[in-house]
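>>> Build the 3D model from these lines:
(one chain, ligands or ions: 1)
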Amino acid sequence: MESSCPHLGADMSHADIEEYGDGEGEEETTAVAVCPWHRYDFDLKTGKSETGLRACTYAVEVRGKGKDEVWIEAPSDGTGWRVVELRPVSEEFADPPPQPPSEILTADQPGEEEPVVPLNNPPSTLIEWAVLILNTPNPTLKVERTKHAVHAFRTGKLSSIGHKSSKAPPPPEVPPREKGFRIVDPQKVKQRRNRAVMLHALANIEQWAIDLAWDIIARFGPMHKDLPAAFFSDFTKMALDESKHFSLLTSRLSSLSPSTPYGSLPTHASLWESATATSNSFRARLAIIHLVHEARGLDVNPATIERFRKAGDKDSVGVMEIIHADEVTHVTAGHRWFCWACERGVGGSGEGAGGGDGEGGVKVNPVKAFREEVKRHWKGEIKGPFNVEDRERAGLSPAFYEDLRGNPEEPQEKVEARVGVGYGS
Ligand code: FES
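Prediction:
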């Protein structure tokens, strides 16, 4: 069944599956997918609902010796079958479900506990949650609030997304960090010679990445009121993934001997510099954060994995492999929504047709538009070597990034420092 509910676009991969009819008095058992938002149900075989709405359905078979391959009848021509997914369990089963909010308390100091759901004015929309999480300096609380908000969004427990409301709160210019957290110039951050320094640097990037996923929701949702529910599903998934990565990396850090607690080493905020530079343009944000920085992560992750492998650190190899697989899906989401904005001619930062962050521009070519955004907002060269295969899986063909330079005015040393801070690098 297609993953967007035909009613208002909820993510049907989080639907409940229910059966009714037991053969006694009813002709046969029917399985339905019940949408998590408004509880409309859709017959799994036909896609029909009693409301008159209908979801597209496709024939599916589970094959393979270990029954671990999901095959789907290709929707394009209806003649062939192809494998669409090899994944043992969904992320929800892989991760423990979030704890009830009343059981989670975090504190900077003993006696100063702050609940996951604030006691005063708790958020009721997704945008309000996004802004609260951006304003949460404690990384543990940020992670717990992310888990809670995403779960509430997926299961229809929020009043709305809230991006169409004139009362949507604005996101902070820079998400705050805890007292004592040292942010220094990227060039002054120690080169990553040992595992602790590498893991700490990666965890810092993941903490900014959680904020970046919430920031695109809170900042650009209200600017583009026709963004569909699928956009918010993609970026809440991203926020949840980044939270998972942060937790995995910080638990690796604390298992090292001697333990290196998160926050004990200096960090940099280069990713947020790019966020600030692209805060007025949806397309520029997607291009620079998700299709340059995050795609760079796909290039450099294999070498990082190799370094952990050579150091005999199998657990960190496992963590990095999870991060890498998730990041392919993040670049895919960046590409998908960049193309969405180009198709409608909205969200660009340039002058003229298709430019400006208003609505209703002229359709533009995504490759051309991406190269223009990079020239405008990126300093220096888009550096290889490229992981062509994984970039391609995410929809990023070489035409997007080959032989591409941004604004060449910045001194080369600064460019190098910036280029070295892609996700996962
Ligand atoms: S969005 Fe699915 S029933 Fe409303």
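
>>> List phi and psi for Pro115.
phi -70, psi 160 (degrees, to the nearest 10).

>>> ok, it to Ser349 distance?
39 Å (CB to CB, to the nearest Å). Using the backbone N, CA and C atoms, a C-beta is placed for each residue, glycine as well.

>>> The two - which one has more neighbours?
Ser349 (21 against 16; other CB atoms under 10 Å).

>>> Would you confirm that that one contacts Lys375?
No. Look at Ser349 against Lys375 with CB atoms under 8 Å: they stay out of range, at 10.7 Å.

>>> Show me what stretch 200-210 is in contact with.
133, 139, 142-143, 146, 189, 192, 238-239, 242-243, 245-246, 249-250, 253, 260, 262, 264-265, 267-269, 271-272, 304, 323, 421, 423-425 (CB atoms under 8 Å, 6 or more residues apart in numbering).

>>> Which ones among the residues you listed map onto helices?
Members of the contacts of stretch 200-210 lying in helices (criterion: DSSP state H): 133, 139, 142-143, 146, 238-239, 242-243, 245-246, 249-250, 253, 271-272, 304, 323.

>>> near the ligand, which residues of the protein?
Applying CB under 6 Å from any ligand atom, one finds that the chain approaches the ligand through Cys5, His7, Leu8, Gly9, Ala10, Cys35, Trp37, His38, Tyr40.

>>> and the two most separated of those residues?
Greatest spacing in the residues of the chain next to the ligand, by CB to CB: Gly9 and Tyr40 (12.1 Å).

>>> Residue ranges in this protein under the pLDDT threshold?
22-27, 75-112, 188-192, 350-360, 408-425 (pLDDT under 70).

>>> now the helices for it?
91-94, 126-134, 139-154, 195-220, 229-255, 270-277, 282-285, 294-310, 314-344, 366-377, 388-393, 398-401, 412-419.

>>> JSON lines for the ones you listed, including mean neighbour count?
Shown next, in JSON lines, are those (neighbours: other CB atoms under 10 Å):
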{"stretch": "helix 91-94", "mean neighbour count": "12"}
{"stretch": "helix 126-134", "mean neighbour count": "26"}
{"stretch": "helix 139-154", "mean neighbour count": "23"}
{"stretch": "helix 195-220", "mean neighbour count": "25"}
{"stretch": "helix 229-255", "mean neighbour count": "22"}
{"stretch": "helix 270-277", "mean neighbour count": "19"}
{"stretch": "helix 282-285", "mean neighbour count": "28"}
{"stretch": "helix 294-310", "mean neighbour count": "19"}
{"stretch": "helix 314-344", "mean neighbour count": "20"}
{"stretch": "helix 366-377", "mean neighbour count": "20"}
{"stretch": "helix 388-393", "mean neighbour count": "16"}
{"stretch": "helix 398-401", "mean neighbour count": "18"}
{"stretch": "helix 412-419", "mean neighbour count": "16"}
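
>>> Among these, which comes closest to Pro176?
helix 126-134 (8.6 Å).

>>> Now do that closest one and helix 229-255, the angle between them.
Using axes from the mean of the first three to the mean of the last three CA atoms, to 10 degrees, the inter-axis angle of helix 126-134 relative to helix 229-255 is 20 degrees.

>>> which residues touch helix 126-134?
For helix 126-134, contacts defined as CB under 8 Å, 6+ apart pick out 118, 123, 142, 145-146, 149, 152-153, 158, 160-163, 165, 168-172, 175, 210-211, 214-215, 217-218, 221-222, 232, 236, 239.

>>> Give me the nearest residue to the residue in the stretch 301-425 of the chain positioned nearest to the ligand, chain neighbours excluded.
For the stretch 301-425 of the chain and the ligand, the shortest gap (CB to the nearest ligand atom) falls at Trp340, measuring 19.2 Å. Spatially, and ignoring its direct neighbours in sequence, Trp340 is nearest to Phe231 (7.6 Å; CB to CB, 6 or more residues apart in numbering).
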